[in-house]
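Colleague: with the sequence up front, the predicted model follows.
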Amino acid sequence: MDEPITVALAGNPNSGKTTVFNRLTGAHQHVGNYPGVTVEKKEGVCRWYGRTFHVVDLPGTYSLTANSLEELVARNYIIQQRPHVVIDVVDASNLERNLYLASQLIELDVPVIIALNMADLAEAQGKHIDTETLSKLLGVPVVRTVATKAEGMDDLLATAVKVVTEDLRPQVQIHYGRELEPHIEQLTEQVKASGRAGNLNPRWVAVKLLENDKQVLEQVIGDQDNGLLERVLATRIHIEQVVGDDAEIALADRRYGFITGACREAVTTDQDARLDWSDAIDTVVTSRLLGLPIFFLLLWLMFTLVFTLGAPPMEWIQAAFAWLSDQVHTLMPPGPLRSLLADGIIGGVGGVLTFVPNIFLLFMALALLEDSGYMARAAFVIDWVMHKIGLHGKSFIPLLIGFGCTVPAVMATRTLASRRDRIVTMLIAPLMSCGGRLPIYVLLAGAFFAPNVAGHVIFSIYLLGVIMAVIMARIFRSTILAGESEPFVMELPPYRIPTFRGIMVHTWERTWMYIRKAGTIILAFSVLMWFLLSYPKPPAASIQSLSPAEARTAALSYSLAGRMGNFIEPILRPLGFDWKIGVSLIAGFAAKETVVSTLGTLYSIGEESDSSTATLQSTLRRDPVFNPLVAYAMMVFVLLYVPCVAALAVIRQETGSWRWPAFVTFYTCTLAWIASFVVYQGGKLLGWGLY
Ligand code: GDP
Ligand code: MG
């Protein structure tokens, strides 16, 4: 009977939007599919006392300008889709900064409710927020919530119903002060007269025009000469002269003034609680002396844990797949179908699923760093390093996300204001070794290095990636993407003890993506690679005189994939690689995990059936082409060479041209070849790592 109510959730990143969303809709999903970024809009339905709510989780934003993609997405949704209510989820423990967005929503004159989330944290810090006063000062309803404990959710929905039925709009206007106000009023009148504001609030349009907002300028002025543009330009110049600042800055200052004033009235802080532990930790963690060592220690710890804790469950899964493959071998008659199942599908997909424990632990470690607030400290600590390579600290977060997956890392560059910074960050993001490459390292390091050094070997690969990224950023910054780097104020959100549930939800979703990838792209690719490795069959006469093992190898090299591998082998020979490694590297273009699955398929076709329980690692050890040095050179190559097609596609999408992904492919392959060449030839000269 009642029309469904559309509710949009807006708010700063990490204010708890997703948690509120999950509480309301019961959908246990994270905004966006990737670590650290909210790219997609998530929708859910909620029923409450006979009313239906459509809940939309908007991207996390600090403001609503036209300068960043996420802000535009959120703003356009609110303006164009006209949700019945916008719930602004604010972090009450960090109220002033969070209310900036609220001021923008109030100005937009849409129905707003402020969810004073993380009220528990604010209270623990000794801050008492008088919701009634705050509501009166801001002219919108304010509801206290603790999303993690589901507190205040009913109140939020009841308020939404009230706002909709009573058609409540913000009751307060932000006053821009004596100097600016007359100009804003005049311009507002002129906007009204032009009739071009559509369903937008004319005062908001006037403010946005003064802020030089590209989208609003386009819509309201376009190519029409209605005197507005002239007026806007003249006013901007006038403001600059009178106030001594750009109009944008002058307007933002007044907004902050409004917020600070409101907070001073509504918030009281216990005296003794001011010495908060967050500051205490920060003096150590971000100190000049200890900041970097602590950062590297944490990274090292993270990778060591991922490797050691992940090893036992990895072995169980390995054993399970070996058993499965054995069953197929005993239950089915020999033939192409058995080979497809045992070698193609179980060998390929199994090889990838084996690493689920490691991937899970890696994502869990990243989620812990993110949710606790340490990520932002890491960015702060590393800021001066980033400046040295011509980027700022903010670029560091996309790069750190790159350790999980390059795709969201590229997307996370959207938070960077300068296009040049974005592109440099995107170009080096693939050098941050992604989770998909980890299985290859685990496989090779585990096979060719003693268990107590394998972790260090893997850490050295990650470190090499970072060093290469630094070098390449410097090169790009002084050649194709030269220019000034931007000043930037680093924000440090308060520390937070991550909730078990939050960590698990984030970790599981990312892990599930990995598993899904194994079930789709990698499954398809395993079947394709099996086919390419199995056909065409060599003429029977040509292999008659060979021993069974020799015959299998001859058949492999006669196959289509074998020929491709043989074709590129001359290029790879100086790196110590043979055609089999070549085939697996080609497969890695699709997804890095397929390097492992292809090796799995390759060696399982080449093996005698009765030794199918042998793990891939021991099989590799028996192949004379491999030794620790070749394994290390291959890890280096895998680290540096072309990111997977998904990453290339997202670079194309984010830069709007094929030029950049093409360039990434070219430069990474060249870099990989050179680095592996140096490792292999250098190692050989010194006599390292050979048998
Ligand atoms: P989003 O980026 O706005 O979607 O934020 P999330 O929903 O992912 O929440 C960020 C972190 O804050 C998570 O670790 C949540 O568990 C935690 N969190 C969310 N709401 C609350 C709250 O009311 N109190 C506390 N203490 N933590 C919260
Ligand atoms: Mg979120």
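Modeller: Cool, got the structure. Numbers count the residues shown, from 1 in each chain. Ligands and ions are numbered 1, 2, ... in the order given.
Colleague: V220: neighbouring residues, count only.
Modeller: 25 (other C-beta atoms under 10 Å). C-beta here means a position set from N, CA and C on the backbone, and glycine is covered the same way.
Colleague: so I515 is in contact with L353, correct?
Modeller: Yes - counting by C-beta atoms under 8 Å, L353 is a contact partner of I515 at 7.0 Å.
Colleague: more neighbours, these two?
Modeller: The residue with more neighbours, out of I515 and L353, is L353; 24 against 17, by other C-beta under 10 Å.
Colleague: okay, the helix or strand containing F380 in PDB with CA atoms only?
Modeller: Assigned by DSSP states H and E, F380 belongs to helix 374-381. Taking Å, rounded to 0.1, in the frame of the first residue of the first chain, the C-alpha atoms of helix 374-381 are listed here in PDB:
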ATOM      1  CA  TYR A 374      47.200   2.000  10.600                       C
ATOM      2  CA  MET A 375      47.100   2.400   6.800                       C
ATOM      3  CA  ALA A 376      46.700   6.100   7.100                       C
ATOM      4  CA  ARG A 377      49.700   6.200   9.500                       C
ATOM      5  CA  ALA A 378      51.700   4.200   7.000                       C
ATOM      6  CA  ALA A 379      50.900   6.800   4.400                       C
ATOM      7  CA  PHE A 380      52.000   9.500   6.800                       C
ATOM      8  CA  VAL A 381      55.300   7.800   7.600                       C
END
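Colleague: packing partners for whichever helix or strand comes after it?
Modeller: Following helix 374-381 in sequence order, the next helix or strand is helix 383-388 (DSSP H and E). In terms of contacts (3 or more C-beta pairs under 8 Å, 6 or more residues apart in numbering; DSSP states H and E), helix 383-388 is not packed against any helix or strand.
Colleague: my guess is L290 meets D282, correct?
Modeller: No - in this structure L290 lies outside contact range of D282 using C-beta under 8 Å: 11.4 Å.
Colleague: more crowded one of those two?
Modeller: D282 (18 against 14).
Colleague: and the helix or strand where that one lies, is it in reach of ligand 1?
Modeller: Per DSSP H and E, D282 falls inside helix 277-285. No - for helix 277-285, no contact with ligand 1 is found by C-beta under 6 Å from any ligand atom; the gap never falls below 13.1 Å.
Colleague: now that helix: average pLDDT?
Modeller: Mean pLDDT, helix 277-285: 76.
Colleague: and stretch 84-103, by the same measure?
Modeller: On average, stretch 84-103 scores 94.
Colleague: start and end of that stretch, how far apart?
Modeller: 18 Å (C-alpha to C-alpha, to the nearest Å).
Colleague: in the one helix or strand E230 maps to, what's buried?
Modeller: Assigned by DSSP H and E, E230 belongs to helix 228-243. If you call a residue buried by 16 or more other C-beta atoms under 10 Å, then helix 228-243 has these buried ones: 228, 231-232, 235-236, 239, 243.
Colleague: show me what that helix packs onto, helices and strands only.
Modeller: helix 177-194, helix 202-210, helix 214-220, helix 247-266.
Colleague: just name the most buried of those.
Modeller: Ranked by mean neighbour count, the helices and strands packed on helix 228-243 are led by helix 202-210 with a mean of 24 (mean count of other C-beta atoms under 10 Å).
Colleague: what does that one contact?
Modeller: 107-109, 173, 176, 183-184, 187-188, 190-192, 197, 216-217, 220-221, 228, 232, 235-236, 239, 247-248, 251 (C-beta atoms under 8 Å, 6 or more residues apart in numbering).
Colleague: ok, and of those residues, which contact ligand 1?
Modeller: Among these, no residue sits close to ligand 1 (C-beta under 6 Å from any ligand atom).
Colleague: helix/strand/coil for I174?
Modeller: coil (DSSP: H, G, I helix; E, B strand; the rest coil).
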